[in-house]
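**Student:** Return a 3D structure for these sequence lines:
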Amino acid sequence: MNRKTIYTILTICCVVGFWLFDNFYTPATYSDTSGDGPKTAIASSLMPSSTTGEIVEHSHFTLSYNEPYEQAEWVAYTLKKEHLTNDDRKRPYFIEDPKVRTKSADWRNYKGSGYDRGHLCPAGDRRFSKQAYNETFYTSNISPQDRDFNAGIWNELEKQVRIWAKRHGEIFVVTGGVLEEGLDEIGEEDVDVPKYYYKVIARGDGDEIRMLAFLMEGKESSKPLKQFSVSVDEVEKRTGIDFFRKLPKKLQDQKESKVDTGSWKFSF
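**Tutor:** Residues are numbered from 1 along each chain as shown. Prediction:
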(Lines give C-alpha, C1' and ligand atoms only; values in the text may rest on other atoms or scores of the structure.)
Protein backbone atom coordinates (compact mmCIF):
# COMPACT_ATOMS: atom_id res chain seq x y z
CA MET A 1 0.00 0.00 0.00
CA ASN A 2 1.56 3.31 -1.07
CA ARG A 3 1.84 6.41 1.09
CA LYS A 4 -0.87 8.32 -0.80
CA THR A 5 -3.39 5.54 -0.18
CA ILE A 6 -2.53 5.44 3.52
CA TYR A 7 -3.02 9.21 3.85
CA THR A 8 -6.36 8.97 2.04
CA ILE A 9 -7.56 6.20 4.35
CA LEU A 10 -6.44 8.12 7.44
CA THR A 11 -8.18 11.27 6.21
CA ILE A 12 -11.41 9.36 5.62
CA CYS A 13 -11.17 7.77 9.08
CA CYS A 14 -10.67 11.19 10.70
CA VAL A 15 -13.62 12.71 8.83
CA VAL A 16 -15.89 9.78 9.76
CA GLY A 17 -14.67 9.89 13.37
CA PHE A 18 -15.38 13.60 13.73
CA TRP A 19 -18.82 13.13 12.12
CA LEU A 20 -19.69 10.28 14.50
CA PHE A 21 -18.48 12.32 17.50
CA ASP A 22 -20.44 15.38 16.41
CA ASN A 23 -23.64 13.50 15.69
CA PHE A 24 -23.78 10.74 18.29
CA TYR A 25 -21.70 11.65 21.34
CA THR A 26 -23.50 13.29 24.23
CA PRO A 27 -22.55 13.32 27.94
CA ALA A 28 -24.92 11.38 30.16
CA THR A 29 -26.13 14.13 32.49
CA TYR A 30 -25.22 17.43 34.13
CA SER A 31 -27.52 16.87 37.10
CA ASP A 32 -26.45 16.09 40.62
CA THR A 33 -27.55 12.46 40.80
CA SER A 34 -26.87 12.20 44.54
CA GLY A 35 -29.52 14.80 45.34
CA ASP A 36 -27.32 16.15 48.12
CA GLY A 37 -25.63 18.99 46.26
CA PRO A 38 -26.26 22.74 46.61
CA LYS A 39 -29.61 24.03 45.36
CA THR A 40 -31.15 27.43 44.67
CA ALA A 41 -34.58 27.54 46.26
CA ILE A 42 -37.58 29.16 44.59
CA ALA A 43 -40.42 30.47 46.74
CA SER A 44 -43.37 28.16 46.12
CA SER A 45 -45.75 31.11 46.40
CA LEU A 46 -44.26 32.57 43.21
CA MET A 47 -44.39 29.48 41.00
CA PRO A 48 -46.65 29.63 37.93
CA SER A 49 -49.12 27.00 36.79
CA SER A 50 -48.22 24.34 34.26
CA THR A 51 -50.53 23.73 31.31
CA THR A 52 -48.91 20.32 30.74
CA GLY A 53 -48.17 18.96 34.23
CA GLU A 54 -44.62 18.15 33.04
CA ILE A 55 -42.69 20.03 35.73
CA VAL A 56 -38.96 19.33 35.98
CA GLU A 57 -36.86 20.48 38.92
CA HIS A 58 -33.14 20.95 38.50
CA SER A 59 -30.79 22.14 41.20
CA HIS A 60 -30.87 25.77 40.15
CA PHE A 61 -34.01 26.24 38.03
CA THR A 62 -37.41 24.63 37.42
CA LEU A 63 -39.28 24.30 34.15
CA SER A 64 -42.57 23.18 32.66
CA TYR A 65 -41.96 21.21 29.46
CA ASN A 66 -44.43 21.32 26.57
CA GLU A 67 -43.82 18.23 24.42
CA PRO A 68 -45.88 19.22 21.33
CA TYR A 69 -43.72 22.37 21.00
CA GLU A 70 -40.49 20.57 22.04
CA GLN A 71 -39.46 23.22 24.57
CA ALA A 72 -40.35 24.62 27.97
CA GLU A 73 -43.43 26.80 28.26
CA TRP A 74 -41.63 28.44 31.17
CA VAL A 75 -38.37 28.30 33.08
CA ALA A 76 -38.38 29.76 36.60
CA TYR A 77 -35.44 30.62 38.81
CA THR A 78 -34.20 32.88 41.57
CA LEU A 79 -31.34 35.25 40.77
CA LYS A 80 -29.43 36.51 43.79
CA LYS A 81 -26.79 39.19 44.05
CA GLU A 82 -24.22 36.59 45.09
CA HIS A 83 -24.93 34.59 41.92
CA LEU A 84 -23.48 37.38 39.80
CA THR A 85 -19.91 36.24 39.36
CA ASN A 86 -17.46 36.52 36.49
CA ASP A 87 -16.22 32.97 36.92
CA ASP A 88 -14.81 31.64 33.67
CA ARG A 89 -16.72 28.51 32.67
CA LYS A 90 -16.00 26.14 29.82
CA ARG A 91 -19.02 26.02 27.53
CA PRO A 92 -20.38 22.43 27.58
CA TYR A 93 -22.37 20.49 24.99
CA PHE A 94 -26.11 20.98 24.62
CA ILE A 95 -27.70 17.68 25.67
CA GLU A 96 -31.18 16.26 26.15
CA ASP A 97 -32.71 16.72 29.58
CA PRO A 98 -32.73 13.32 31.33
CA LYS A 99 -35.49 14.49 33.68
CA VAL A 100 -38.00 15.23 30.91
CA ARG A 101 -40.21 12.17 30.70
CA THR A 102 -40.76 12.45 26.93
CA LYS A 103 -37.15 13.56 26.26
CA SER A 104 -36.37 17.13 25.32
CA ALA A 105 -35.53 17.98 21.72
CA ASP A 106 -32.13 16.99 20.35
CA TRP A 107 -29.83 19.99 19.79
CA ARG A 108 -29.27 18.85 16.22
CA ASN A 109 -32.74 20.13 15.33
CA TYR A 110 -31.15 23.58 15.41
CA LYS A 111 -28.29 22.77 13.00
CA GLY A 112 -28.61 24.71 9.77
CA SER A 113 -31.93 26.22 10.88
CA GLY A 114 -30.66 29.79 10.97
CA TYR A 115 -31.80 30.14 14.60
CA ASP A 116 -29.75 30.42 17.77
CA ARG A 117 -30.16 27.93 20.59
CA GLY A 118 -31.46 30.65 22.87
CA HIS A 119 -31.14 30.10 26.61
CA LEU A 120 -34.21 30.76 28.74
CA CYS A 121 -32.39 30.67 32.06
CA PRO A 122 -29.21 32.41 30.87
CA ALA A 123 -25.89 30.66 31.34
CA GLY A 124 -24.57 34.05 32.44
CA ASP A 125 -26.89 33.94 35.47
CA ARG A 126 -25.42 30.62 36.58
CA ARG A 127 -21.66 31.10 36.53
CA PHE A 128 -21.40 30.66 40.30
CA SER A 129 -20.86 26.89 40.00
CA LYS A 130 -19.97 24.40 37.29
CA GLN A 131 -23.14 22.38 37.80
CA ALA A 132 -25.40 25.45 37.81
CA TYR A 133 -23.77 26.64 34.59
CA ASN A 134 -23.86 23.26 32.84
CA GLU A 135 -27.52 22.67 33.71
CA THR A 136 -28.49 25.63 31.53
CA PHE A 137 -27.25 23.63 28.52
CA TYR A 138 -30.05 21.10 28.71
CA THR A 139 -32.13 21.44 25.54
CA SER A 140 -35.20 21.84 27.74
CA ASN A 141 -33.79 25.27 28.58
CA ILE A 142 -33.41 26.50 25.00
CA SER A 143 -35.74 27.84 22.34
CA PRO A 144 -35.10 28.90 18.71
CA GLN A 145 -34.30 32.59 18.57
CA ASP A 146 -33.36 34.96 15.80
CA ARG A 147 -29.65 35.70 16.22
CA ASP A 148 -30.02 39.49 16.20
CA PHE A 149 -32.83 39.27 18.77
CA ASN A 150 -30.89 36.88 21.00
CA ALA A 151 -27.74 39.01 20.94
CA GLY A 152 -29.63 42.30 20.94
CA ILE A 153 -32.74 43.39 22.83
CA TRP A 154 -33.19 40.01 24.57
CA ASN A 155 -29.61 40.15 25.82
CA GLU A 156 -30.21 43.69 27.07
CA LEU A 157 -33.20 42.49 29.07
CA GLU A 158 -31.11 39.70 30.62
CA LYS A 159 -28.44 42.23 31.57
CA GLN A 160 -31.09 44.53 33.04
CA VAL A 161 -32.40 41.71 35.22
CA ARG A 162 -28.84 41.18 36.54
CA ILE A 163 -28.60 44.87 37.38
CA TRP A 164 -31.87 44.65 39.31
CA ALA A 165 -30.70 41.54 41.14
CA LYS A 166 -27.52 43.34 42.16
CA ARG A 167 -29.47 46.41 43.29
CA HIS A 168 -32.27 44.62 45.16
CA GLY A 169 -30.44 41.51 46.33
CA GLU A 170 -32.80 38.90 44.88
CA ILE A 171 -35.14 38.66 41.89
CA PHE A 172 -37.58 35.94 40.85
CA VAL A 173 -37.66 35.30 37.09
CA VAL A 174 -39.93 33.20 34.89
CA THR A 175 -39.46 33.25 31.12
CA GLY A 176 -40.28 31.48 27.88
CA GLY A 177 -41.66 31.74 24.38
CA VAL A 178 -45.33 32.27 23.66
CA LEU A 179 -46.39 28.80 22.45
CA GLU A 180 -49.38 29.03 20.14
CA GLU A 181 -50.81 27.40 17.04
CA GLY A 182 -49.38 28.05 13.58
CA LEU A 183 -45.73 28.59 14.49
CA ASP A 184 -42.88 27.76 12.11
CA GLU A 185 -40.99 24.58 12.99
CA ILE A 186 -37.40 23.41 12.63
CA GLY A 187 -35.62 20.05 12.67
CA GLU A 188 -36.80 16.47 12.47
CA GLU A 189 -38.66 16.83 15.77
CA ASP A 190 -40.59 19.94 14.65
CA VAL A 191 -39.33 22.33 17.29
CA ASP A 192 -41.62 25.37 17.21
CA VAL A 193 -40.20 28.87 16.74
CA PRO A 194 -42.04 31.35 18.99
CA LYS A 195 -42.95 34.68 17.45
CA TYR A 196 -42.96 36.31 20.89
CA TYR A 197 -41.02 35.88 24.12
CA TYR A 198 -41.93 36.96 27.61
CA LYS A 199 -40.20 37.51 30.93
CA VAL A 200 -42.00 38.03 34.24
CA ILE A 201 -40.01 39.25 37.24
CA ALA A 202 -40.80 39.98 40.87
CA ARG A 203 -39.12 41.04 44.10
CA GLY A 204 -40.27 41.33 47.68
CA ASP A 205 -43.20 39.50 49.23
CA GLY A 206 -46.67 39.99 50.65
CA ASP A 207 -48.22 43.39 50.03
CA GLU A 208 -44.74 44.71 49.20
CA ILE A 209 -44.25 42.47 46.18
CA ARG A 210 -43.26 44.32 43.01
CA MET A 211 -43.77 42.64 39.66
CA LEU A 212 -43.25 43.53 36.02
CA ALA A 213 -43.62 41.67 32.73
CA PHE A 214 -42.12 42.03 29.27
CA LEU A 215 -43.47 40.80 25.95
CA MET A 216 -41.20 41.01 22.89
CA GLU A 217 -41.48 40.02 19.27
CA GLY A 218 -38.56 37.74 18.48
CA LYS A 219 -36.67 40.14 16.26
CA GLU A 220 -34.10 42.83 16.82
CA SER A 221 -35.29 46.24 18.00
CA SER A 222 -33.64 49.50 18.99
CA LYS A 223 -36.51 50.52 21.28
CA PRO A 224 -35.81 51.02 25.00
CA LEU A 225 -36.75 48.11 27.23
CA LYS A 226 -39.48 50.06 29.00
CA GLN A 227 -41.53 50.08 25.79
CA PHE A 228 -41.85 46.29 26.02
CA SER A 229 -43.30 46.42 29.53
CA VAL A 230 -46.75 44.91 29.90
CA SER A 231 -48.94 43.75 32.75
CA VAL A 232 -48.68 40.21 34.07
CA ASP A 233 -52.33 39.85 33.09
CA GLU A 234 -51.35 40.47 29.46
CA VAL A 235 -48.78 37.65 29.49
CA GLU A 236 -51.29 35.34 31.17
CA LYS A 237 -53.78 36.12 28.42
CA ARG A 238 -51.23 35.30 25.70
CA THR A 239 -49.83 32.12 27.27
CA GLY A 240 -52.66 30.57 29.29
CA ILE A 241 -50.27 30.37 32.26
CA ASP A 242 -51.37 31.56 35.70
CA PHE A 243 -48.48 33.44 37.28
CA PHE A 244 -48.30 34.02 41.04
CA ARG A 245 -51.38 31.80 41.38
CA LYS A 246 -50.70 31.10 45.06
CA LEU A 247 -50.84 34.74 46.08
CA PRO A 248 -54.13 35.97 47.60
CA LYS A 249 -56.67 36.71 44.85
CA LYS A 250 -57.06 40.33 45.90
CA LEU A 251 -53.30 40.87 45.73
CA GLN A 252 -53.11 39.20 42.32
CA ASP A 253 -55.87 41.43 40.96
CA GLN A 254 -54.13 44.50 42.30
CA LYS A 255 -50.59 43.75 41.19
CA GLU A 256 -51.01 41.77 37.97
CA SER A 257 -53.21 44.33 36.24
CA LYS A 258 -50.65 47.15 36.49
CA VAL A 259 -47.56 48.00 34.45
CA ASP A 260 -45.44 49.11 37.39
CA THR A 261 -42.34 50.51 35.65
CA GLY A 262 -42.03 53.14 38.39
CA SER A 263 -40.73 50.52 40.85
CA TRP A 264 -37.89 49.50 38.52
CA LYS A 265 -35.01 51.72 37.43
CA PHE A 266 -34.07 51.05 33.81
CA SER A 267 -30.53 51.18 32.44
CA PHE A 268 -31.34 50.31 28.82
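**Student:** which stretches of the stretch 51-200 of the chain form helices?
**Tutor:** Counting by DSSP state H, counting those that start in this stretch, one finds helices in the stretch 51-200 of the chain at the ranges 130-135, 147-151, 153-168.
**Student:** Tell me how far the closest residue to residue 55 other than its chain neighbours lies from residue 164.
**Tutor:** Distances taken as C-beta to C-beta, 6 or more residues apart in numbering place residue 64 nearest to residue 55, at 5.3 Å, with adjacent residues excluded. Quick note: C-beta positions are derived from backbone N, CA and C, even for glycine. Separation of residue 64 from residue 164 (C-beta to C-beta, to the nearest Å): 24 Å.
**Student:** my guess is the residue nearest to residue 55 meets residue 50, correct?
**Tutor:** Yes: counting by C-beta atoms under 8 Å, residue 64 touches residue 50, with 3.9 Å between them.
**Student:** the more surrounded of the two?
**Tutor:** residue 64 (23 against 19; other C-beta atoms under 10 Å).
**Student:** and the gap between the residue nearest to residue 110 when sequence neighbours are not counted and residue 252?
**Tutor:** Distance criterion C-beta to C-beta, 6+ apart; nearest residue to residue 110, sequence neighbours excluded, is residue 117 at 5.1 Å. Distance check for residue 117 against residue 252: by C-beta to C-beta, it reads 34 Å.
**Student:** now do residue 58
**Tutor:** The gap separating residue 58 from residue 252 is 27 Å, by C-beta to C-beta.
**Student:** between these two, which one's more packed in?
**Tutor:** residue 58 (24 against 19).
**Student:** Now the more buried one. Nearest residue, chain neighbours left out?
**Tutor:** Nearest one to residue 58, counting by C-beta to C-beta, 6+ apart, is residue 135 at 5.0 Å.
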